[in-house]
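Novice: Quick one: sequence plus predicted model below, questions after.
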Amino acid sequence: MRRGNVFEETLGQLLRAMRLGVFPPGEKLPAERELAEALGVSRATLRDSLAELQSAGYLQVQRGRYGGTVVAAHPNTHENPLDDSDRARIEDVLAFRSVVEPAAAELAAGASLTATQRNNLMLAHEAVNSADATNYRPLDARLHVMIADLSASSMLAKAVAEARDATSELLDRIPFLKPNIAHSSRQHEDILNAILHGDGASAKKLMQEHLDGTATLLRGFLD
């Protein structure tokens, strides 16, 4: 498992196991220690993932002597959840994003940024960090587009805006996951530090790792 996006990878593996019938509806999940070892993650990471799947309706906790965490029969948390018919669209968006956004981050790191540009970038980052579920994704998108604007390529900035718009449309169809948001914020900070220090190679690599987390989540929530 890649170390950069452990929460997303864990969530994806659990969803995949449920989808493939490894953990069918109505069946109790293995004990926490056993499941954490099987997935190769810490028990803390596993707990975070299970808590989010429970709040999203994929798992239920049953009390009593024979209770435990049970796979729900029909999770229904969104009016228009992702399903297999969205697979081609998701892969198209992810492929497009993986090309344009890391390139934009690399170019932004190589640009001669003014004090105002640097300050605006940090203000945008702070706005994302303080956002609630209602306005998080628009502010997150704004930060990504702002990075692309710093690349000094209007065509690339337009492509990133298009990619981010398509991504947000897909993300709006999956649960809002607080642990994922906290992790995303730390990744944003690392990306911005690389840009502000002029480290193009790191900015490109960190942006790709950031996008990998989103890709894992979208693929994991496919029915």
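Specialist: Arrived safely, thanks for sending. Numbers count the residues shown, from 1 in each chain.

Novice: now the strands for the chain?
Specialist: 59-62, 68-71 (DSSP state E).

Novice: What is the burial count for the residue nearest to Gly12 when sequence neighbours are not counted?
Specialist: The shortest distance from Gly12 to any residue other than its chain neighbours is 3.4 Å, reached at Gly220 (Cβ to Cβ, 6 or more residues apart in numbering). Placement of C-beta: from N, CA and C, glycine included. Neighbour count of Gly220, defined by other Cβ atoms under 10 Å: 21.

Novice: Just the pLDDT at Gly220, thanks.
Specialist: pLDDT recorded at Gly220 is 88.

Novice: Please tell me I have it right and it contacts Leu11.
Specialist: Yes. In terms of Cβ atoms under 8 Å, Gly220 counts as a neighbour of Leu11; the distance is 5.5 Å.

Novice: can you point me to the longest helix in the protein?
Specialist: For the chain, the helix with the greatest residue count under DSSP state H is helix 87-110.

Novice: And that helix, what does it pack against?
Specialist: helix 136-149, helix 154-171, helix 178-196, helix 200-220 (3 or more Cβ pairs under 8 Å, 6 or more residues apart in numbering; DSSP states H and E).

Novice: Would you mind listing the outside residues contacting that helix?
Specialist: Applying Cβ atoms under 8 Å, 6 or more residues apart in numbering, the set of residues contacting helix 87-110 from outside is 82, 144, 147-148, 150-153, 156-157, 159-160, 162-164, 166-167, 170, 191, 194-195, 197-208, 211, 214-215, 218-219, 222.

Novice: Might you list the low-confidence residue ranges for this structure?
Specialist: In the predicted model of the chain, residues 1-4, 20-21, 66, 74-79, 223 satisfy pLDDT under 70.

Novice: Tell me how it divides into domains.
Specialist: Listed by automatic domain parsing, the domain ranges of the chain are 6-71, 84-220.

Novice: Based on its surroundings, how many neighbours for Gln54?
Specialist: Per other Cβ under 10 Å, the neighbour tally for Gln54 reads 15.

Novice: ok, it touching Gly68?
Specialist: No. Judged on Cβ under 8 Å, Gln54 makes no contact with Gly68 at a distance of 11.9 Å.

Novice: between these two, what contacts are shared?
Specialist: Residues touching both Gln54 and Gly68 by Cβ under 8 Å, 6+ apart: Val61.

Novice: Most tightly packed of the strands of the chain?
Specialist: Highest mean neighbour count of those: strand 68-71, a mean of 18 (counted as mean count of other Cβ atoms under 10 Å).
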